[in-house]
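*Asks:* model this:
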Amino acid sequence: MEPWLSESLQIEFSAEIWYWRGPSPYFFVTVPAQECKELKIIASRVSYGWGMIPALVRIGGVEWKTSLFPKDGSYIVPLKDSVRKAEQLEAGDTVTVRLAVN
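*Replies:* Predicted structure coming up:
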């Protein structure tokens, strides 16, 4: 596991898991508006292509690296199948998400 760095922006929030049925179906959690304001402040410094923001994410006992996607003025956190299975999560469940952005 990677350490949660003190110099990183750390955010914790609870939100509902939702399912996107597009050409590549996937599960996501939307970052709430207040936390998105904090992300937007550092986005230009940490973002790469298409506004993606690399992050270290933790839900329950599972931690992984991913990128936050910009969507409709906010950001969404993609949930890997391995994370959902390990924590027994489904669409509609509310989860607490902890993320760190350097």
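*Asks:* Go through the protein and flag its longest helix.
*Replies:* Using DSSP state H, we find that the single longest helix of the chain is helix 33-46.
*Asks:* how far does that helix sit from the chain's center?
*Replies:* Between the centre of helix 33-46 and the centre of its chain there are 13 Å (C-alpha atoms, centre = their mean, to the nearest Å).
*Asks:* now the longest strand seen in the chain and helix 33-46, what's the angle there?
*Replies:* When the chain is parsed with DSSP state E, its longest strand is strand 9-20. Angle, strand 9-20 to helix 33-46, by axes from the mean of the first three to the mean of the last three C-alpha atoms, to 10 degrees: 110 degrees.
*Asks:* Note down every partner strand of strand 9-20 and its orientation.
*Replies:* The pairing partners recorded for strand 9-20 under DSSP bridges are strand 26-30 (antiparallel), strand 94-101 (antiparallel).
*Asks:* Next, format those strands as JSON lines and append distance to Q88 and mean pLDDT.
*Replies:* C-beta here means a position set from N, CA and C on the backbone, and glycine is covered the same way. Formatted as JSON lines, those follow (distance: least, C-beta to C-beta, whole Å; pLDDT from 0 to 100):
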{"stretch": "strand 26-30", "distance to Q88": "13", "mean pLDDT": "97"}
{"stretch": "strand 94-101", "distance to Q88": "11", "mean pLDDT": "97"}
